[in-house]
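A.B. asks: Predicted model, plus sequence, below.
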Amino acid sequence: MDEQPRLMHSHTGVGMAGHPGLPQHMQEGTGGTDGDGRKQDIGDILQQIMTITDQSLDEAQARKHALNCHRMKPALFNVLCEIKEKTVLSIRGAQEEEPPDPQLMRLDNMLLAEGVSGPEKGGGSAAAAAAAAASGGAGADNSAEHSDYRAKLSQIRQIYHTELEKYEQACNEFTTHVMNLLREQSRTRPISPKEIERMVSIIHRKFSSIQMQLKQSTCEAVMILRSRFLDARRKRRNFNKQATEILNEYFYSHLSNPYPSEEAKEELAKKCAITVAQVSNWFGNKRIRYKKNIGKFQEEANMYAARTAVNAANASSHGSQANSPSTPNSAGETGSPWLCSAIRTCLSQGNAPLLYSSGFTFPP
DNA sequence: ACATATGATTGAAA
DNA sequence: TTTCAATCATATGT
C-alpha cells in the first residue's frame, strides 16, 4: 500500500507550509521558547509517524492511540485536510464518468440473446428451438442433437454464473475491505468520503474489466457451440429417396415453369416431410444446376417424364384423367421463358455438345 | 484419397 | 419479397 509515501508527502507539505525541515530541527536541539516547544511537539509527532512501521503492531497501536490523543492532533489534521483538499481537487476531473462501454453492451446483449445471462430457461432455448426448426427435419436425431446442444449451453451458463458470482463476491469483499481500511485510516489521515467513493469506483472498474473478459470468453464458447451444433451445413443430411423423387417429379413435370406456388411448396413439404424453406432451397438449387448443365440432367429428365406419362396413362385408363392434380406440361412447350433462358445459359456455359446430343425427346 | 453430389447460406438482383 | 449465382461444408460414390 502507499500510505507511507503519502504520509511523508503530507508532512513535507506541512513542513514547507509552516515550519522548517524536520530533521535539522530535531538536531537543533531544544530552543526553550514556547514556539520552539511546539515545533518540538510536531517534530516528535512526525518522528513517531516516520518510525511507526519499524515498530511492532502492538507498539504501533499504542503509539497511534497516543497520537490520536495528542493535543496537537486536531490542528495538524486540519492542515493536512486542507492540503489534501487542494491536491485532490486538482487530481479530480481527470477520470470521472465513463460512458457505458459499447462492446460490453454488445456482449451483454449476445449473452442475453443466447440465454446464457438471462432467466434460467427462457429465450435461449426458444431461439435454439427456432434455429433447430429452421434447420428443418423433424428427425429423432435432430432432437437428440438439440438436447445435446442445450446440455452444453447450460454447462456454459453454469460456469459463467459461478464465475460471475465468484468475481462479484470477491469484488464486494475487496471493496468492503478497502472501505474499512480507508475509514479506519481516515481517523489519522485526511480521507474524504468522495475519495472513498472514487476508490470504490476504481475497484469496480477493475473488476468489471475482469468480468468483461469472462463475458468475452463465454461468448466465444457459445459461438463455437452454435457453429458446431446449429449450423445446418455442418450436419447436412440428404433427403430420403422418396422425397427426392417427389421433388424431381414435380420439377420435371413443370419444367417449363419450375416455380411452385406457396401452396404447392407447402404440399410438397408435407409430402416429403421437410420444411417449405427446404423445398424452396431444393428448387433453387435444382433450377440453377439444371440450367447450368441441361445435358447432364437429360437422362433424369427423360426418366421422370416417362414416369409421369405412365402415371397419366394409368390415370386415364381408370377414367379419372380430368382431375389430375398436376398437368405435366413438359418441355415440349418451347415458348417457356424459363426454359429458353436455361438453354441459353447452358449454351453460354459451353455445354452445347451435351445439349445437342441430348436430343430433346420428351414423351407426349 | 479423391471427385462428385447435395443441402444450406449469403449477398446481389429483380 | 423471391430468385439467382456463388460458395460452403458435408455426404456419397469410386
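C.D. replies: Arrived safely, thanks for sending. Numbers count the residues shown, from 1 in each chain, chains lettered A, B, ... in the order given.

A.B. asks: all contacts plus neighbour counts: C-alpha atoms, from now on.
C.D. replies: Will do.

A.B. asks: Dump stretch A:248-267 to CSV, keeping only the CA atoms.
C.D. replies: Provided in CSV are the C-alpha atoms of stretch A:248-267 (Å, rounded to 0.1, in the frame of the first residue of the first chain):
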residue,chain,number,x,y,z
ASN,A,248,-37.9,-34.3,-59.1
GLU,A,249,-41.3,-35.5,-60.3
TYR,A,250,-42.7,-32.0,-59.7
PHE,A,251,-39.7,-30.3,-61.2
TYR,A,252,-39.7,-32.3,-64.5
SER,A,253,-43.4,-32.2,-64.9
HIS,A,254,-43.2,-28.4,-64.6
LEU,A,255,-40.0,-28.0,-66.4
SER,A,256,-41.3,-25.1,-68.5
ASN,A,257,-42.0,-23.2,-65.3
PRO,A,258,-40.5,-24.9,-62.3
TYR,A,259,-41.6,-22.4,-59.8
PRO,A,260,-44.1,-24.0,-57.3
SER,A,261,-46.5,-21.6,-55.7
GLU,A,262,-46.6,-21.2,-52.0
GLU,A,263,-49.4,-23.7,-51.7
ALA,A,264,-47.6,-26.2,-54.0
LYS,A,265,-44.5,-25.8,-51.8
GLU,A,266,-46.5,-26.5,-48.7
GLU,A,267,-47.9,-29.6,-50.2
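
A.B. asks: touching DNA strand B at all, it?
C.D. replies: No. Stretch A:248-267 lies out of reach of DNA strand B by CA under 7 Å from any atom of the strand, never closer than 9.7 Å.

A.B. asks: Identify each buried residue in that stretch, please.
C.D. replies: A:248-260, A:265-266 (16 or more other CA atoms under 10 Å).

A.B. asks: same deal with stretch A:302-319?
C.D. replies: Those buried within stretch A:302-319 under the rule 16+ other CA under 10 Å are A:302, A:304-306, A:308-309, A:312.

A.B. asks: Let me have the residues you listed in CSV, extended by distance to residue A:199, pLDDT and secondary structure.
C.D. replies: Output for the buried residues of stretch A:302-319, formatted as CSV (distance: CA to CA, whole Å; pLDDT from 0 to 100; DSSP: H, G, I helix; E, B strand; the rest coil):
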residue, distance to residue A:199, pLDDT, secondary structure
A:302, 81, 91, helix
A:304, 79, 91, helix
A:305, 81, 87, helix
A:306, 84, 87, helix
A:308, 82, 82, helix
A:309, 85, 82, helix
A:312, 86, 77, helix
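
A.B. asks: which among the residues you listed gets closest to residue A:210?
C.D. replies: residue A:304 (63.7 Å; CA to CA).

A.B. asks: right, and that closest one touches residue A:252 too?
C.D. replies: Yes. Using CA atoms under 8 Å, residue A:304 is in contact with residue A:252, at 6.4 Å.

A.B. asks: how's chain A carved up into domains?
C.D. replies: According to the TED database, chain A comprises the domains A:102-116+A:144-234, A:241-310.

A.B. asks: Just name the most buried of those.
C.D. replies: domain A:241-310 (a mean of 18; mean count of other CA atoms under 10 Å).

A.B. asks: Any figure for the gap between residue A:315 and residue A:251?
C.D. replies: Distance of residue A:315 to residue A:251, given as CA to CA, to the nearest Å: 20 Å.

A.B. asks: Likewise for residue A:258?
C.D. replies: 6 Å.

A.B. asks: Find the residues that touch each one of these two.
C.D. replies: Common contacts of residue A:258 and residue A:251 (CA atoms under 8 Å, 6 or more residues apart in numbering): residue A:283.
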